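1. Provided below are the primary sequence and the corresponding predicted coordinates.
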Amino acid sequence: MDCACTGDIITGLDCVKIWRRNHPQITVDDPRYRQVSLLYSILLIMMIYCSVIGTLNVVLFKDMQTALFDYAGFFSAVAIYVYVSRTAQFRRASWAALLALIAVLASFTFVARGATYSLIWVTVLPPIAFFLLGLRAGTWLSATFTAAVLLFLLAITDKWESGPFSIAALLNFAEVMTVHLLIFRHYERSRLEAFEQLRLGASIDRLTGLFNRERLDELLADTLAQARRGGQNTALIMLDVDHFKAVNDRYGHLHGDVVLQRLAHQLRENVRQTDRVGRWGGEEFLVICPDTDARGAGIVAEKVRQAIAAGKIDSMPMPTVSLGVAAGSGEVAASSLLQAADRQLYRAKREGRNRVCIERQAPESETKVRA
Ligand SMILES: Nc1nc2c(ncn2[C@@H]2O[C@H](COP(=O)(O)OP(=O)(O)OP(=O)(O)O)[C@@H](O)[C@H]2O)c(=O)[nH]1
């Protein structure tokens, strides 16, 4: 059995997460993680509920018609489960699961002729729809289904069970569903915004507002993958402030911070819109230049060097910078490209600082590095 075990203890929760074996690419920090988890949970719950209630309907209540709906729900859930496990098409599977859920809810409302307890079940739709399908589709699906149920109830007013159900009850149902829809819509929007802020916060360097090192690593991998497909070159410019320790020692750390911020601004101003600029660490910066060769990146690096050398902060000159440039095809390993740019940066330092050095030889390809 594929359960996470601690000694002999097997937690039910981890058993439910068997789906992770089918989709190892969906890690906890993947924004789809909770959605996929919910999708599988809904399918499992549908299988269990529909099979148990269907069997109760056959054995206890001899209600074959309702049992038929239950078993249809069970088999739909099984089919979607197999489909999503094999194809990882989460979006399509989410739609299929919601449509199956709607079919079960609709048939229940129909068979129960709107008996009050059947309407309670309709309220489960909005939270699931918003979470699995997002704001727009969630709103449409929930609103359309609620409207359809209300119309159905109005159409069968003469067949309503006698007793507590009335126009007042119908209005209350409509009000509860509207509140539900608004609340879950609001909740889903807050969740998406909070997630976006977290994502941004995790990829941005606080001092300079540039990408941080983790994000640069991801961006470099993406850029190289694209270059591989398009047969283009990718260039890196690595920049380090000259004698920055002396700047800190002489003017203080706060001034040093302002220098780094100004430098980040100058960097952004002097590279192409498509170039990715980030802080590699301390007083070191990295620019990723897609579709650029070493010569082109060398020209950009020289422009940056001159702009920074000419800059001033409160009439004090900016420190100079040294830059290393390297470029390679999409086949190059990210680590080789970084090492080459770093090598050239330190050559620039050795040769006197305030200059650009360019790697003339293309770094090794990824296959060679792996071998
Ligand atoms: N103000 C400030 N200083 C920083 C920051 N990050 C790193 N530093 C400083 O940057 C300095 C780097 O010093 P070194 O590595 O000796 O290099 P350098 O003085 O620039 O000398 P070279 O690189 O050889 O030209 C250290 O004093 C660090 O404290 C930061 O975020 N703010």
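-> It's in.
2. CA atoms for contacts and neighbours, from now on please.
-> Noted.
3. Could you look up the SS state of the residue of the stretch 51-200 of the chain at minimum distance from the ligand?
-> Closest residue of the stretch 51-200 of the chain to the ligand, CA to the nearest ligand atom: Leu200 (19.4 Å). At Leu200, secondary structure determined by DSSP: H, G, I helix; E, B strand; the rest coil is helix.
4. Once you drop chain neighbours, what's closest to Gln89?
-> Excluding the flanking residues, the one nearest Gln89 by CA to CA, 6 or more residues apart in numbering is Tyr83, at 7.9 Å.
5. Would you mark the buried spots in the helix or strand encompassing that neighbour?
-> Under the criterion of DSSP states H and E, Tyr83 resides in helix 64-87. Neighbour-count burial for helix 64-87 flags 66-77, 80-81, 84-85 (criterion: 16 or more other CA atoms under 10 Å).
6. ok, now stretch 129-144?
-> Using 16+ other CA under 10 Å as the test for burial, stretch 129-144 gives 129-133, 135, 138-139, 141-143.
7. Tabulate those residues in a markdown table, adding columns for secondary structure and distance to the ligand.
-> As requested, the buried residues of stretch 129-144 are exported to a markdown table (DSSP: H, G, I helix; E, B strand; the rest coil; distance: CA to the nearest ligand atom, whole Å):
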| residue | secondary structure | distance to the ligand |
| --- | --- | --- |
| Ala129 | helix | 45 |
| Phe130 | helix | 42 |
| Phe131 | helix | 40 |
| Leu132 | helix | 41 |
| Leu133 | helix | 42 |
| Leu135 | helix | 40 |
| Gly138 | helix | 44 |
| Thr139 | helix | 46 |
| Leu141 | helix | 50 |
| Ser142 | helix | 50 |
| Ala143 | helix | 51 |
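8. Now do Arg199 against Asp30, distance only.
-> Distance of Arg199 to Asp30, computed by CA to CA, to the nearest Å: 10 Å.
9. Could you do Asp293 as well?
-> 34 Å.
10. Give me the more crowded residue out of those two.
-> Using other CA atoms under 10 Å as the criterion, Asp293 and Asp30 rank with Asp293 on top: 20 against 10.
11. Tell me if I'm right that the more buried one and Ala227 touch.
-> No. Applying CA atoms under 8 Å as the test, Asp293 and Ala227 come out as separate, 11.7 Å apart.
12. Between these two, which contacts overlap?
-> Counting by CA atoms under 8 Å, 6 or more residues apart in numbering, the common neighbours of Asp293 and Ala227 are 233-234.
13. hang on, the earlier thing: give me the pLDDT for the residue of the stretch 51-200 of the chain closest to the ligand.
-> For Leu200, the model assigns a pLDDT of 82.
14. Kindly report the same for Ala112.
-> 78.
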